[in-house]
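S.K.: Dropping a prediction and its sequence here:
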Amino acid sequence: MADTRRREAFIWVTWLSGLLSGDKQCHYALWFKAQHKYDRRADARENDLTVWKGEHAELVRRRAEELVQQGYHEVTVEHQNKFFVNGRTATLSGCPDLRARHGTSVRIEDGKTGKRRDSDYWQVLLYMLFGPRKPGEEAVSGAVVYRDSTPRLIPAGDANDATRARAVALINVGASPTPPLPTPSGMECGRCDIANCPHRAEDDPGVTIETEDF
């Protein structure tokens, strides 16, 4: 399938979190994905991904049981939580692993089986900022749940006007008709799933300079 232009920009929450955390720098990749239905690169880690799916499903299942034991109700998991936010210039979509309610308070959680990343925090915070609320729901807190360590708690106060403004500014980058400056690097391009990016860097050897000073 050739890359085709979308009618309107479409953005997954996970395309934003790495840029907001600084784990990624390539705004062009966000823009391209938001503006195109695109061919994806084959993933050589297919077997690893199969294992990950099983481990992740088990983590989410166990955490859902823990939330029920802690007094939460209306606990929903994965695809039950998918949402779409339709704006004037773009649609934002997300799918948190867990959503639970305790009285008027809501807890949004995502499970991670790998190492801790700052983008994990931003992913859950974006769910808190833009996810739907039902009648009677007030404070929305979050947590990143790791397999082998204590969950990283995210207080409701982190979902404030300042963090929302940062997220909206990045959504506007993806929604813009004009692409941002490409910033290809071997490391980031090597992890990017865009098959036909015209700016891909195959390696990143760096610049070598000779000196007699040391």
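M.R.: That came in fine, so what should we check first?

S.K.: where are the low-confidence patches of this protein?
M.R.: Residues of the chain that meet the criterion pLDDT under 70 lie in 1, 43-48, 204-205.

S.K.: Can you spell out which helices and strands pack onto the longest helix seen in it?
M.R.: Determined from DSSP state H, the single longest helix within the chain is helix 46-69. With contacts taken as 3 or more C-beta pairs under 8 Å, 6 or more residues apart in numbering; DSSP states H and E, helix 46-69 sits against strand 73-77, strand 98-102, strand 105-112. Where C-beta positions appear, they are placed from N, C-alpha and C, glycine not excepted.

S.K.: Can you say which helix or strand has G136 in it?
M.R.: Using DSSP states H and E, no element contains G136; it sits outside every helix and strand.

S.K.: picking up where we left off before, hmm, who's touching the longest helix of the chain?
M.R.: With contact meaning C-beta atoms under 8 Å, 6 or more residues apart in numbering, helix 46-69 is reached by 43, 75, 77-78, 97-98, 100, 107, 109, 111, 113, 145, 147.

S.K.: Wait, T4 touches K37, no?
M.R.: Yes: in this structure, T4 is within contact of K37 by C-beta atoms under 8 Å, at 5.0 Å.

S.K.: between those two, who's got more neighbours?
M.R.: Relative neighbour count places K37 above the other of T4 and K37, with 12 against 9, counting by other C-beta atoms under 10 Å.

S.K.: Ramachandran angles for that one?
M.R.: Backbone geometry at K37, expressed as degrees, to the nearest 10, gives phi -90, psi 120.

S.K.: Pull up the gap between it and K24, please.
M.R.: K37 is 21 Å from K24, where distance means C-beta to C-beta, to the nearest Å.

S.K.: now do G18
M.R.: On the measure of C-beta to C-beta, G18 and K24 end up 4 Å apart.

S.K.: Common neighbours of those two, please.
M.R.: In contact with both G18 and K24: S119, using C-beta under 8 Å, 6+ apart.

S.K.: Okay, helices next: where are they in this structure?
M.R.: 13-21, 27-35, 46-69, 118-130, 161-175, 186-191.

S.K.: circling back: list only those of the contacts of helix 46-69 flagged as buried.
M.R.: Buried members of the contacts of helix 46-69, scored by 16 or more other C-beta atoms under 10 Å, are V75, V77, E78, D97, L98, A100, R107, E109, G111, T113, V145.

S.K.: export those residues to JSON lines and tack on distance to D213?
M.R.: Conversion of the buried ones among the contacts of helix 46-69 to JSON lines gives the following (distance: C-beta to C-beta, whole Å):
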{"residue": "V75", "distance to D213": "63"}
{"residue": "V77", "distance to D213": "59"}
{"residue": "E78", "distance to D213": "57"}
{"residue": "D97", "distance to D213": "53"}
{"residue": "L98", "distance to D213": "56"}
{"residue": "A100", "distance to D213": "60"}
{"residue": "R107", "distance to D213": "57"}
{"residue": "E109", "distance to D213": "53"}
{"residue": "G111", "distance to D213": "51"}
{"residue": "T113", "distance to D213": "47"}
{"residue": "V145", "distance to D213": "50"}
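
S.K.: Looking at those residues, which is nearest P135?
M.R.: When these are ranked by distance to P135 (C-beta to C-beta), A100 comes first, at 16.7 Å.

S.K.: Many thanks, have a good one.
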